[in-house]
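Trainee: here is a sequence with its predicted model. Questions after.
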Amino acid sequence: MATVADVMVATLKASGVRRVYGIPGDSLNGFTDALRRDGTIAWAHVRHEEAAAFAAAAEAALTGELAVCAASCGPGNLHLINGLFDANRSGVPVLAIAAHIPAEEIGGEYFQETHPQELFRECSVYCELVSTREQLPHILQIAMRSALQRGGVAVVVVPGEIFLADASSDAKPVAIRAQTPVIRPDQASLAAAAEVLNAAKAATILAGAGCAGAHDQLIALAGALKAPVVHAFRGKEFVEYDNPYDVGMTGLIGFSSGYRAMEHCDALVMLGTDFPYRPFYPEGVPVVQVDVRGERIGHRVPVQVPLVGTVKDTADALLPLLTAKADSSHLDQMTAHYRRARARLDKLARDKRNESPLHPQYVAATIDRLAADDAIFTADVGTPCIWAARYLHMNGTRRLIGSFSHGSMANALPHAIGAQASHPGRPVIALSGDGGLAMLLGELITLRQQHLPVKVIVFNNGALGFVELEMKSAGIVPWGTDLDNPDFAGIAQAVGMFGARVEKANELEGALRDAFSYDGPALVDVHTARTELSLPPKITYGELKGFTLYATRTILSGGGEELIELTRTNLRELEAE
Ligand SMILES: Cc1ncc(C[n+]2csc(CCOP(=O)(O)OP(=O)(O)O)c2C)c(N)n1
Ligand SMILES: [Mg+2]
């Protein structure tokens, strides 16, 4: 007789699930044994459950389909939590199967007892305890649909013995797949938006991850409005390429042209973005915000016209109501500013300047140049995000995955695991920080064990570099940020990977080529400059309008508009100009 776990596996299989990331454990044994007996869904073994959740998040982000992770009770499922927060914040469909202690022991402070429904509540759109075997197929289906339709994490909490119970005879697998409904606002809302936008003389578009699949519509909208297009980080891969209206990224790690285009607009159109930093929004201008999740509208700024719908369907419906603008002066000004900002950034990356340590901009630009057109990049939170944002060129095929909403360190390697497992034919390149890599270092072993030919490039600056930037921006003396690192290339070799260390700029290209062409996992440990900010003027907290705003100003306007790049060498160079 089939077990409850067999029915779960059959449902996952019928729904197109190809693998489950996780680590086994007693309470999960009934489930993993059902996977083994079925034999068609792969067990994607990792070394830390957090990596399982991150891997599932990356797979879901890349495929738009449900990705699955699983963990045993108590500590096993506690380890999932940070990765699940990342998935849930990114709005990607992940199912977490959280095994639980025996049902009859719940509430008695049993060995490994936690209360998973409470623990997972904040990082999920749906979280339910299965108390009887009859309940399971039903709960599983609701969970899967919730993850797919609400875009987020669903957790099914299952006491271990329920996996092993006989399935009730009428339990049949149901196929649950992602849907792509047409969702657009009502006509009156569209007319209100058109009225605002037709009256504007200098509209700017802020575009986010909701622009996925809507590139044509975005370009058409920008063309009709003669609007510069600023993007939030999660929008980069969908917005920046083949886009004559692009003026770059805004935000703490963005650059000045993105900020400027927002600051100088007389109407703002937000397309599929929940960009969080209020100080970067313009004040006192009408805002039209498009979001398929209506509850997100108005999160950041007062919105004059809320439009609930997908960017694609809403733009299609809105375009016929817009009068195409003839005056392109706002657009021309902003794109000219962007070209100047871009040229400065490119200059920083082109010149090797220091032979050793290497400039991270040069490292990122070289990765970009050598990577394939269909590469999938992942980038660690920390300065690797800055270099990815600025120097990786997207083309509509390349992808860029990061912990852009949750902002967790150590995401690049486990995201790369999910990317490579789900896309075996594509090159996957992780831009890792030395801090980030060390945090989930054990996952290098996963690359080898699972035969995942991920290329890990370590921006080894011997520091928690991004935190040092934050401290300096706030006038705090950097402290507690040194990293005394081991030989990462040697560790990679010991793990059974290709490993190379790059100390000098002229060694970089060769090492990257060797790694990229290596038939298996590879790591290149690059000795990069510890990015330094000149200390801002002494200022007391009372004088600050808020840390973010101050940091923002420092980063955007200090000594040449991209203060973030002002390492000591850069400063010397600027002075010499
Ligand atoms: C799990 C977690 N811990 C701490 C932080 C705070 N934090 C953000 S970036 C960063 C430093 C990252 O260092 P590293 O990976 O070496 O990258 P770098 O900035 O030096 O390039 C830290 C500690 C975080 N975002 N996530
Ligand atoms: Mg570092």
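Mentor: Arrived safely, thanks for sending. Numbering: from 1, shown residues only. Ligands and ions are numbered 1, 2, ... in the order given.
Trainee: ligand 1 contacts on this protein?
Mentor: Counting by C-beta under 6 Å from any ligand atom, the residues of the chain lying close to ligand 1 are 380-384, 407-409, 433-436, 459, 461, 463-467. C-beta: built from backbone N, CA, C; applies to glycine.
Trainee: these in strands, which ones?
Mentor: Counting by DSSP state E, the residues of the chain next to ligand 1 place Gly433, Phe459 in strands.
Trainee: which ones, among the residues of the chain next to ligand 1, also lie beside ligand 2?
Mentor: Gly433, Asp434, Gly435, Asn461, Ala463, Gly465 (C-beta under 5 Å from the ion).
Trainee: can you turn the buried part of the residues of the chain next to ligand 1 into a PyMOL selection?
Mentor: Written as a PyMOL command, the selection of buried residues from the residues of the chain next to ligand 1, which uses 16 or more other C-beta atoms under 10 Å, is:
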select buried, resi 380+381+382+383+384+408+409+433+434+435+436+459+461+463+464+465+466+467
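Trainee: what's the helix or strand for the residue in the stretch 151-300 of the chain that ligand 1 sits nearest to?
Mentor: Ligand 1 sits closest to Ile253 of the stretch 151-300 of the chain, with a gap of 10.7 Å, by C-beta to the nearest ligand atom. Ile253 is part of no helix or strand, with elements assigned from DSSP states H and E.
Trainee: the closest residue in space to it that isn't next to it in sequence: helix or strand, and which one exactly?
Mentor: Nearest non-adjacent residue to Ile253, counting by C-beta to C-beta, 6 or more residues apart in numbering: Ile386, 4.6 Å away. Here Ile386 sits within helix 383-391, counting by DSSP H and E.
Trainee: now do that helix: which elements does it pack against?
Mentor: Here helix 383-391 touches helix 329-350, helix 360-370, strand 376-379, strand 399-402, strand 428-433, strand 455-460, helix 465-473, going by 3 or more C-beta pairs under 8 Å, 6 or more residues apart in numbering; DSSP states H and E.
Trainee: against Ala336, how distant is Ala207?
Mentor: 20 Å (C-beta to C-beta, to the nearest Å).
Trainee: these two - which one has more neighbours?
Mentor: Ala207 (32 against 12; other C-beta atoms under 10 Å).
Trainee: spit out the contact partners of the more buried one.
Mentor: By C-beta atoms under 8 Å, 6 or more residues apart in numbering, the residues touching Ala207 are Leu218, Val229, Val230, His231, Ala232, Gly235, Phe238, Val239, Leu271, Gly272, Thr273, Val311.
Trainee: and the two most separated of those residues?
Mentor: Using C-beta to C-beta, the two most remote members of the contacts of Ala207 are Val230 and Val311, lying 14.8 Å apart.
Trainee: more neighbours: these two, which one.
Mentor: Between Val230 and Val311, counted using other C-beta under 10 Å, Val230 has the larger neighbour count: 32 against 28.
Trainee: so the more buried one bridges to which residues?
Mentor: Residues in a beta bridge with Val230, per DSSP bridges, are Leu206.
Trainee: wait, it sits on Thr204?
Mentor: Yes - between Val230 and Thr204 there is a contact under C-beta atoms under 8 Å: 6.3 Å.
Trainee: and for these two, which residues touch both?
Mentor: Ala261, Met262.
Trainee: related to what we said a few turns ago, minimum distance to Pro282: which of the helices and strands packed on helix 383-391 has it?
Mentor: helix 329-350 (12.6 Å).
Trainee: return the closest one as CSV; C-alpha atoms alone will do.
Mentor: Extracted C-alpha coordinates of helix 329-350, given in CSV (Å, rounded to 0.1, in the frame of the first residue of the first chain):
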residue,chain,number,x,y,z
SER,A,329,14.4,67.3,-23.3
HIS,A,330,14.1,65.6,-20.0
LEU,A,331,15.0,62.3,-21.5
ASP,A,332,17.9,63.8,-23.4
GLN,A,333,19.3,65.4,-20.4
MET,A,334,19.1,62.3,-18.3
THR,A,335,20.5,60.0,-20.8
ALA,A,336,23.4,62.4,-21.4
HIS,A,337,24.1,62.4,-17.7
TYR,A,338,23.9,58.6,-17.7
ARG,A,339,26.5,58.4,-20.5
ARG,A,340,28.9,60.5,-18.5
ALA,A,341,28.3,58.5,-15.3
ARG,A,342,28.7,55.2,-17.3
ALA,A,343,31.9,56.4,-18.9
ARG,A,344,33.4,57.1,-15.5
LEU,A,345,32.4,53.7,-14.2
ASP,A,346,33.8,52.0,-17.3
LYS,A,347,37.0,53.9,-17.0
LEU,A,348,37.4,52.6,-13.4
ALA,A,349,37.0,49.1,-14.7
ARG,A,350,39.1,49.4,-17.8
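Trainee: of all the helices and strands packed on helix 383-391, which lies closest to Ile97?
Mentor: The closest of those to Ile97 is strand 399-402. By C-beta to C-beta, the value is 22.6 Å.
Trainee: tell me the helices and strands packed up against that closest one.
Mentor: Using 3+ C-beta pairs under 8 Å, 6+ apart: strand 399-402 touches helix 49-63, helix 236-239, strand 376-379, helix 383-391, helix 412-422.
Trainee: and for the fourth one, what's in contact with it?
Mentor: Contacts with helix 383-391, where a contact means C-beta under 8 Å, 6+ apart, come from 233, 236, 249, 253-255, 345, 349, 360-361, 363-365, 367-368, 377, 379, 400, 402, 404, 412, 431-433, 436, 459, 461, 465-466, 469, 531, 564.
Trainee: could you redo the last one with a cut-off of 7 Å?
Mentor: Helix 383-391 is contacted from outside by 233, 236, 249, 253, 345, 349, 360-361, 364-365, 368, 377, 379, 400, 402, 412, 431-433, 459, 465-466, 531, 564, using C-beta atoms under 7 Å, 6 or more residues apart in numbering.
Trainee: and it with strand 428-433, angle?
Mentor: Interaxial angle, helix 383-391 versus strand 428-433 (axes from the mean of the first three to the mean of the last three C-alpha atoms, to 10 degrees): 120 degrees.
Trainee: before we move on, what about the last one?
Mentor: Following the same axes, to 10 degrees, one obtains 170 degrees for the angle between helix 412-422 and strand 428-433.
Trainee: per-residue confidence averaged over helix 412-422?
Mentor: Mean pLDDT, computed over helix 412-422, is 99.
Trainee: got it, and the fourth one?
Mentor: pLDDT averaged over helix 383-391 equals 95, rounded to a whole number.
Trainee: next one: stretch 486-501
Mentor: Stretch 486-501 comes out at a mean pLDDT of 98.
Trainee: in that stretch, what counts as buried?
Mentor: Neighbour counts over stretch 486-501 (16+ other C-beta under 10 Å) mark Phe488, Ala489, Ile491, Ala492, Val495, Met497, Phe498, Gly499, Ala500, Arg501 as buried.
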